[in-house]
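J.: Sequence and predicted structure below; questions after.
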Amino acid sequence: QVQLVESGGGLVQAGGSLRLSCAASGSFLSILAMGWYRQTPGIERDLVANIRSDGSTNYADSVKGRFTISRDNAKNTVYLQMNSLKPEDTVVYYCKALIRKQTGGPTYQYWGQGTQVTVSS
């Protein structure tokens, strides 16, 4: 079984910073990509940022220039550095990993439990 454990959420004032972490553990061959999504109640989860195994990244337009995603392959961990936070960034953030368990096998998608980020004005 594969688990994603998130940490780093919390309460911060507008203009402040937070760093989210997500560590993958369990039995798998490789992690193809990891990313962060956010979800407003009643709305689908939207991509915030993701990073592939080759280091390439994607960002939502709303966070470009403010958020930075990075990855420590040795620790199977992805980070999201969030700077210049705005009240509209208040939402639950979820980590996602795309994982291959065996050579040539299918890929599997796993989600973390979510971490709340609250930005006060």
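T.: All right, it came through fine.

J.: Please name the residues that touch the most centrally placed residue in the chain.
T.: What sits nearest the mean C-alpha location of the chain, by Cα atoms, centre = their mean, is W36, with 2.5 Å. Each residue near W36 by Cβ atoms under 8 Å, 6 or more residues apart in numbering is listed here: 20, 22, 47-50, 69, 78, 80, 93-96. The way it works is simple: take the backbone N, C-alpha and C, and place the C-beta from them, glycine included.

J.: Please pick the buried ones from these.
T.: L20, C22, V48, A49, N50, I69, V78, L80, Y93, Y94, C95, K96 (16 or more other Cβ atoms under 10 Å).

J.: Strands - which of these land there?
T.: If you go by DSSP state E, the buried ones among the contacts of W36 have L20, C22, V48, A49, N50, I69, V78, L80, Y93, Y94, C95, K96 in strands.

J.: So the last one sits against Y108, correct?
T.: No. Using Cβ atoms under 8 Å, K96 and Y108 do not qualify as a contacting pair, with a distance of 11.0 Å.

J.: Tell me where this structure has helices.
T.: Under the criterion DSSP state H, the chain contains no helices.

J.: can you name the farthest residue from the center of the protein?
T.: Farthest-out residue of the chain from its mean C-alpha position, per Cα atoms, centre = their mean: G104, at 25.7 Å.

J.: and it, how far is that from S30?
T.: Going from G104 to S30 by Cβ to Cβ, to the nearest Å gives 12 Å.

J.: show me what contacts the nearest residue to G16 once chain neighbours are set aside?
T.: Closest residue to G16 apart from its sequence neighbours, by Cβ to Cβ, 6 or more residues apart in numbering: L85 at 5.5 Å. L85 makes contact with V12, A14, G15, G16, S17, L18, R66, V117, V119 under the criterion Cβ under 8 Å, 6+ apart.
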